[in-house]
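1. Sequence first, predicted coordinates after that:
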There are 2 protein chains.
Amino acid sequence: MVTIYDIAKKTGYSVTTVSKALNNYADVSQKARKTILDAVEEMGYLPNSHARTLTTKKSWTIGVIFIESLGIGMKHPFFSSVIESFRKNVEIFGYDLLFASRMINNQKKSYLEQFKYRGVDGVVIVSSLFNDKQVKELMESTIPTVVIDLHSSESAVVKSDNFDGSYKAVDYLYSLGHRTMAHIAGHATTFAGQERLNGFLTSTKSLGLDIQDEYIVNGDYFSREGGYEAMKKLLALPHLPTAVYAAGDELAIGAMKAIKDAGYSVPEDFSIIGFDDIDIAQFVNPPLTTIRQNTEALGKEAAELLLRQINSRQKMNDSIVVPVELVIRDSCKALVQTESSPS
Amino acid sequence: MVTIYDIAKKTGYSVTTVSKALNNYADVSQKARKTILDAVEEMGYLPNSHARTLTTKKSWTIGVIFIESLGIGMKHPFFSSVIESFRKNVEIFGYDLLFASRMINNQKKSYLEQFKYRGVDGVVIVSSLFNDKQVKELMESTIPTVVIDLHSSESAVVKSDNFDGSYKAVDYLYSLGHRTMAHIAGHATTFAGQERLNGFLTSTKSLGLDIQDEYIVNGDYFSREGGYEAMKKLLALPHLPTAVYAAGDELAIGAMKAIKDAGYSVPEDFSIIGFDDIDIAQFVNPPLTTIRQNTEALGKEAAELLLRQINSRQKMNDSIVVPVELVIRDSCKALVQTESSPS
DNA sequence: CCAACAATCGAAAGCGCTTTCGATACCGGA
DNA sequence: TCCGGTATCGAAAGCGCTTTCGATTGTTGG
């Protein structure tokens, strides 16, 4: 490995001057700079990030953790999409992403310990669960953090406007004439799930709709299976809803399957609306009407929020809410009016 | 930050002994070990990975690069799935994953340079393109590498049995009575695409089928759009095929859309079979029959191959082929026999 | 009681880099 | 000619850790 000393020896300058030339210091003559840079080129010198980090305390790495209930890690379509956008937005500035295991010297460590060990400059957390011990510890630490899809007063936060998303969904269904709506909720330990449920509750109430408890059913962990089971419960109700708003696309897809399996069809018998607009949404049958989360923007905002903290050397707890958008496809249908009088 | 020196001062032992205690050296007494470990616990000491790496030349990180034609990075369902499995299999041993940007000191660098700079212990490459300059340079370097979905004599390789996959697909269609099959090929610069095409060609030939050139059409970059366009070309043929084998699920899905848009239906008018078994495959309409790649196994084998190189401190160019599997869903249908006599 | 050996410890060098601060040389102006 | 100022350079310390190798102490057998 060729080091700064080799360059020094070859050029006749001191290591100090070589280092300065490499780091664009002003007190290096044009001549020295050129000789040094030429030698660097010729000898194929590359700095050593570890040595550099050791002295500067800056690693140019950002830790990332996925906490999600499904246990599928980076296969998670929504999360991976956000992280990809995040990556693009930090790589421009020279940051690398570190996906941490939690083993140091063969011992299990916490995320915080792992990231301290690695000396990351900041960490981005994509988490649906909202009471994870380790995430909490991390957010309360001195390391700059940004959390996606969560709320916290200890950390910067970027999230979609879940509340408004619910409003949009309910409004849309209402405008199609639906009056008895059900909600398949995300898991209760999930921040986004809670917000969407709240949004559903308040928006229906403000429209004067009376939603019975039985019409709110829990879809476990935003999974398809959860949606399937939840829909089965709804189908067992004496008075069936005409529309169901699922807190996630996977839930919605599971629900559609349950509907079909029960011999009904979408959107003829039930209008379904989801949340996320994951990749599959447009390819299921019928294509799913849903509330789109802007993963591009989420990743970008998260990157900016984190970089700002890193550059200013202080934690912030700003919170950014990214707008969502209704994407109309074919899974919802206007209700042919029965007794309710048209306005 | 609490260092090894703080522990030394507190316990009265030298830094040498502290270091030894932490690294399980034999020449440290039970008593010393305990005092030191207690102090470590009490003071919340954590080693500094950069300092450690600087002296040991081992970083416990593995670089990863995605090269794929779609430009969607870790959103790529197949690749992310493989990497997730890979991650699980290396994290047990304490390795972290580094997704590298290519900026050092504000200058664009190659992957090789970036990874040398970062001092990674090895790198895993997920690449569909098979003549990328930078990947080639990386494989030819001294850094241990493992490539997924590619072939090379310079690097360890893990890939699916593409050839056999084509055989399985063709055999299956043949068994359903199909005799005029088309193939939507992956892009030609793609290794997997080539292999699958070859498999298609030889297997049809060995079954005595005569495949005209027009029945092989290029689906660009394994994308849906590519599949869509490719299928349109096939539909313009004077004598229509009864079955089409697409080199990827996305291609197959695009093709199905083209078929529907043309007023035909799957599998009544055309039997479609894909490759990959990506997540969506089971949710499209009709659910897609396909050749499943075992992403779990691919990731696991890749991890093992790379770790073996790292541990033995020498590059290897072993090649592992992971079996594929036919997954029968509803997109293929037995051909009602017309003129061809049953055997 | 002594030589030989095992157990335990620590001094010091080194990994590759950055940064402070003082030294030197050279300039123009008085 | 002398002086303050500017441009250029380098010695040295320090970042936190590992590892070699020699020193010291205690133990054992003859």
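-> Yep, that arrived. Residues are numbered from 1 along each chain as shown, chains lettered A, B, ... in the order given.

2. what does chain A put close to DNA strand C?
-> Within chain A, the positions lying close to DNA strand C (C-beta under 7 Å from any atom of the strand) are A:1, A:3-5, A:15-16, A:19-20, A:22-23, A:27, A:45-48, A:51-52, A:54-56. Yep, even glycine has a C-beta here, placed from its N, CA and C like the rest.

3. Residue A:274 against residue A:292, yeah?
-> No - using C-beta atoms under 8 Å, residue A:274 is not in contact with residue A:292, being 9.7 Å away.

4. Show me which of those two is the more surrounded one.
-> The neighbour count for residue A:274 versus residue A:292, taken as other C-beta atoms under 10 Å in any protein chain shown, is higher for residue A:274 (31 against 20).

5. C-alpha coordinates for the host helix or strand of the more buried one, PDB please?
-> Using DSSP states H and E, residue A:274 maps to strand A:271-276. Extracted C-alpha coordinates of strand A:271-276, given in PDB (Å, rounded to 0.1, in the frame of the first residue of the first chain):
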ATOM      1  CA  SER A 271     -64.700  -0.600  -3.200                       C
ATOM      2  CA  ILE A 272     -61.100  -1.000  -1.800                       C
ATOM      3  CA  ILE A 273     -58.600   1.700  -1.300                       C
ATOM      4  CA  GLY A 274     -55.100   1.200   0.000                       C
ATOM      5  CA  PHE A 275     -52.100   3.200   1.200                       C
ATOM      6  CA  ASP A 276     -48.500   3.400  -0.100                       C
END
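
6. Please work out which residues outside that strand touch it.
-> Around strand A:271-276, the neighbours that count as contacts under C-beta atoms under 8 Å, 6 or more residues apart in numbering or on different chains are A:78, A:165, A:169, A:172-173, A:176, A:178, A:196, A:242-253, A:255-256, A:259, A:266, A:281, A:288-293, A:331-333, A:335.

7. Identify each buried residue in stretch A:77-87, please.
-> A:77-87 (16 or more other C-beta atoms under 10 Å in any protein chain shown).

8. Of those, which fall within the contact range of chain B?
-> The overlap between the buried residues of stretch A:77-87 and the neighbours of chain B (C-beta under 8 Å from any C-beta of the partner chain) comes to A:77, A:80-81, A:83-84, A:87.

9. Identify, from the residues you listed, the entry nearest to residue B:212.
-> residue A:77 (39.0 Å; C-beta to C-beta).

10. Just give the nearest non-adjacent residue to the closest one, would you?
-> For residue A:77, ignoring the flanking residues on the chain, the nearest one in space by C-beta to C-beta, 6 or more residues apart in numbering or on different chains is residue A:278 at 4.6 Å.

11. Next one, pLDDT for the one you found please.
-> Note on residue A:278: pLDDT of 90.

12. One more: residue A:304?
-> Here the pLDDT value assigned to residue A:304 is 97.

13. Look up how far residue A:93 lies from it.
-> Separation of residue A:304 from residue A:93 (C-beta to C-beta, to the nearest Å): 11 Å.

14. what touches both of these two?
-> Common neighbours of residue A:304 and residue A:93 (C-beta under 8 Å, 6+ apart) do not exist.

15. The two: which is more packed in?
-> residue A:304 (18 against 14).

16. Show me which parts of whatever helix or strand that one lives in are buried, residue by residue.
-> If you go by DSSP H and E, residue A:304 is part of helix A:295-312. Buried positions in helix A:295-312, judged by neighbour count with 16+ other C-beta under 10 Å: A:295-307, A:309-310.

17. how far off helix A:295-312 does the strand holding residue A:274 point, in degrees?
-> Angle between the axes of strand A:271-276 and helix A:295-312 is 20 degrees (criterion: axes from the mean of the first three to the mean of the last three C-alpha atoms, to 10 degrees).

18. just how off-centre is strand A:271-276 within its chain?
-> Relative to the chain's own centre, strand A:271-276 is displaced by 19 Å; criterion: C-alpha atoms, centre = their mean, to the nearest Å.

19. Then stretch A:270-279?
-> For stretch A:270-279, the distance to the chain centre is 18 Å (C-alpha atoms, centre = their mean).

20. doesn't residue A:288 make contact with residue A:281?
-> Yes - the criterion here is C-beta under 8 Å, and residue A:281 meets it with residue A:288 at 4.3 Å.

21. re the thing from before, quick one: the residue nearest to residue A:77 and residue A:250 touch, right?
-> Yes - using C-beta under 8 Å, residue A:278 is in contact with residue A:250, at 7.3 Å.

22. quick revisit: whichever of the residues of chain A next to DNA strand C end up buried, select them in PyMOL.
-> The command below creates a PyMOL selection of those among the residues of chain A next to DNA strand C that count as buried (16+ other C-beta under 10 Å):
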select buried, chain A and resi 3+4+19+20+22+45+46+47+48+51+52+54
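
23. ok, and which of the residues of chain A next to DNA strand C reach DNA strand D?
-> Residues of the residues of chain A next to DNA strand C in contact with DNA strand D (C-beta under 7 Å from any atom of the strand): A:15-16, A:27, A:51, A:54-55.

24. Put together JSON lines for those residues, with secondary structure and pLDDT on each row.
-> Listed next are those as JSON lines, based on DSSP: H, G, I helix; E, B strand; the rest coil; pLDDT from 0 to 100:
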{"residue": "A:15", "secondary structure": "helix", "pLDDT": "95"}
{"residue": "A:16", "secondary structure": "helix", "pLDDT": "96"}
{"residue": "A:27", "secondary structure": "coil", "pLDDT": "92"}
{"residue": "A:51", "secondary structure": "helix", "pLDDT": "97"}
{"residue": "A:54", "secondary structure": "helix", "pLDDT": "97"}
{"residue": "A:55", "secondary structure": "helix", "pLDDT": "96"}
